[in-house]
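J.: Please find the sequence and the predicted model below.
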Amino acid sequence: MSKSILIPVAHGSEEIEIVCLADTLRRAEFAVTLASVETELTLNCSRKVKIEADCFFADVVEQNFDLIVIPGGVEGSETLSQTSQLTAKLKSQHEKSGYIAAMCAAPAVVFARHYIAVERLMTAHPAFFNKLHKPASPELRVVVDKNCITSQAPGTAIEFALVLIELLAGRELAEKVAQPMLVK
C-alpha cells in the first residue's frame, strides 16, 4: 500500500525543497499531493520559478495523510503559517502521532509559532534556529524526534526526503531510491 504525503505550498515557498521532496518521495512510489493554499494553482516560488500544484488545500483538508511535510521559503512559510486550516490539520496529525515534517524556515515559522510539537527536538535554517522551542544540536542537518522530522535548508532537501522514505517504508527502499537510476 502506497504512503500518502501532503506538501502544502504557497507563493514564496522554496522551489528546491518542493521539487526535491516531491520528486524523491514519488520515486519511492508514494502518493504525493502538492496542495496550494493560494487562490491559484500556479505558484511563484521564492526564486520566481513557477510550480503548478496538484490541487487546492481546501480540496484535501479532510483527507488523511501518512505524512504532512512543509517546505521552507520565508514568504511561503509565513503564508502557510497564516492558513488556519493547515495549522489545525498539523496539530491534529501530531496529536494522533502521525508524521509531520518541516524544513528551512518552516519549523520556526509554522511549527514553533503555533506551538506544534514543541516537546520535540528540531532543527531549522540557521537564521531561524533561535526561534525553536527545543533546538537540536546546530550541526545536525536532519533531526528525527519520534513523529516530528525537521531539516535545515535547501542543501539538505534530498537527505531529508530519504530520511522520510526510511521512516515511512524502511531503509531498503530509501537506499534503492538513493541509487543512480538508469534512463530507459
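T.: Arrived safely, thanks for sending. Residues are numbered from 1 along each chain as shown.
J.: can you give me the helices in the chain?
T.: Per DSSP state H, the chain carries helices over the ranges 15-27, 57-60, 74-81, 84-95, 106, 157-169, 171-178.
J.: how about stretch 10-29: buried residues?
T.: 10-22, 24-25, 27-28 (16 or more other Cβ atoms under 10 Å). For every residue, glycine as well, the C-beta is placed using N, CA and C.
J.: which ones are touching the spatially most central residue of the chain?
T.: In the chain, the centroid-proximal residue (Cα atoms, centre = their mean) is residue 69; its distance is 2.4 Å. The contact partners of residue 69, taken as Cβ atoms under 8 Å, 6 or more residues apart in numbering, are 5, 6, 7, 21, 100, 101, 102, 103, 149, 164.
J.: okay, these in a markdown table with distance to residue 121 and pLDDT next?
T.: Below are those laid out as a markdown table (distance: Cβ to Cβ, whole Å; pLDDT from 0 to 100):
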| residue | distance to residue 121 | pLDDT |
| --- | --- | --- |
| 5 | 22 | 98 |
| 6 | 23 | 98 |
| 7 | 23 | 98 |
| 21 | 21 | 98 |
| 100 | 14 | 98 |
| 101 | 13 | 98 |
| 102 | 13 | 98 |
| 103 | 15 | 98 |
| 149 | 10 | 98 |
| 164 | 17 | 98 |
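J.: Can you say which of those are buried?
T.: So, of those, 5, 6, 7, 21, 100, 101, 102, 103, 149, 164 end up buried under the neighbour-count rule (16+ other Cβ under 10 Å).
J.: The last one touches residue 101, doesn't it?
T.: Same thing as residue 164. Yes - Residue 164 lies in contact with residue 101 (Cβ atoms under 8 Å); the separation is 6.2 Å.
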